[in-house]
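Visitor: here are the coordinates; sequence isn't available:
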C-alpha cells in the first residue's frame, strides 16, 4: 500500500524563483547632445571674439586678419576633435549598455530553463503489520533542463532505531520530471510499534540534496492516526507542521432551567494539550 503526501505548500524548494523582469532598454538622454553642441558653439564664438579683441594690438591690418584666421581655424579644429571624442564616448556607452542588456536577457532565459529542484513528498510502502516498510522520497525537477550530479542523502529515525544510506547518492533528474528514492526500514511492524509511532518522538524521514554547491535540507515526520487510515490522509507531513496540534471534541448535554433534558447538544472544541517529552537522545546531531 502506497500513500502520497499532499504536495501543496511545500517549502523545500531549490532555485525556485519568480519570473525575472525584462531588462530596461537603454536610451541616451535627449538633452546631452544639445548641451554639448551649445557648449561647443559658445566656445567657438567666445574664442573668435577673444582673437578679434587680441588682434587690435597688432598695427598691421593684414597681420591682424591673419592672426584671427589662423587661431580661429586652430580653435575650430580643436573643437571638432572634442566633438568627435564626445560622439565616440557616447557610442561606447551605448554599446556597453546594449551589451549588458543582452547579457541580462541571456541570464533571464537561462533562469527560465534552469533546473528547479524540490522534495515533493515522502511516501511509504508496506506500512502494515508483519511487513518491513520502505520510505520513498520524491525529488522533482520543475525546470526545463536536466539536473545532473545531484547529491542526495536520506535518513529515517524512529525511537532508538535509525536507518541511513551509507553515503550520498549522485543522481540525475530529467527536466520536468521526478525520481523516487527509497530507504528501507528494517523492523517488522506490529501493532505495538505502529501505536508507538503515534507518540513522541515521531518517526522521521529527513536528509538533504545538493546541486551546484547549493544544499537544501528536508524533513518529514509521521502523521499519527488511530485505526484504518483514509486514503486521503498522508503518512508523512513536513516537520514544520505540528501534528500534536489536533483538537479534542467533547459532547455535553445541556439541562433546561426546569431540570428536564434539553434536545440540543453542545460541541466544545479545545486544543489537544501537548504531551510531555523527556530529554532527547544522544547522537542526533545531524537530525533536523
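Guide: On my side now, so go ahead. Computed from a prediction, not measured in an experiment: that's the story for all the values here.

Visitor: ranges for the strands of the stretch 101-250 of the chain?
Guide: 117-125, 134-141, 147-158, 161-164, 169-173, 177-184, 204-211, 214-222, 236-238, 247-255 (DSSP state E, counting those that start in this stretch).

Visitor: lowest-confidence stretch among these?
Guide: Among those, strand 247-255 carries the lowest mean pLDDT, at a mean of 58.

Visitor: just to revisit the earlier point, dump the strands of the stretch 101-250 of the chain into a markdown table; add mean neighbour count as well.
Guide: No exception for glycine: its C-beta is placed from N, CA and C like everyone else's. Output for those, formatted as a markdown table (neighbours: other Cβ atoms under 10 Å):
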| stretch | mean neighbour count |
| --- | --- |
| strand 117-125 | 23 |
| strand 134-141 | 21 |
| strand 147-158 | 19 |
| strand 161-164 | 14 |
| strand 169-173 | 14 |
| strand 177-184 | 14 |
| strand 204-211 | 22 |
| strand 214-222 | 19 |
| strand 236-238 | 21 |
| strand 247-255 | 9 |
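
Visitor: Would you mind telling me which of those is nearest residue 87?
Guide: strand 214-222 (46.1 Å; Cβ to Cβ).

Visitor: That closest one to strand 117-125, inter-axis angle?
Guide: Per axes from the mean of the first three to the mean of the last three Cα atoms, to 10 degrees, the angle that strand 214-222 makes with strand 117-125 is 30 degrees.

Visitor: Show me what strand 214-222 is packed up against.
Guide: strand 13-14, strand 117-125, strand 204-211, strand 236-238 (3 or more Cβ pairs under 8 Å, 6 or more residues apart in numbering; DSSP states H and E).

Visitor: Average pLDDT for the first one, rounded please.
Guide: Model confidence over strand 13-14 averages 48 on the pLDDT scale.
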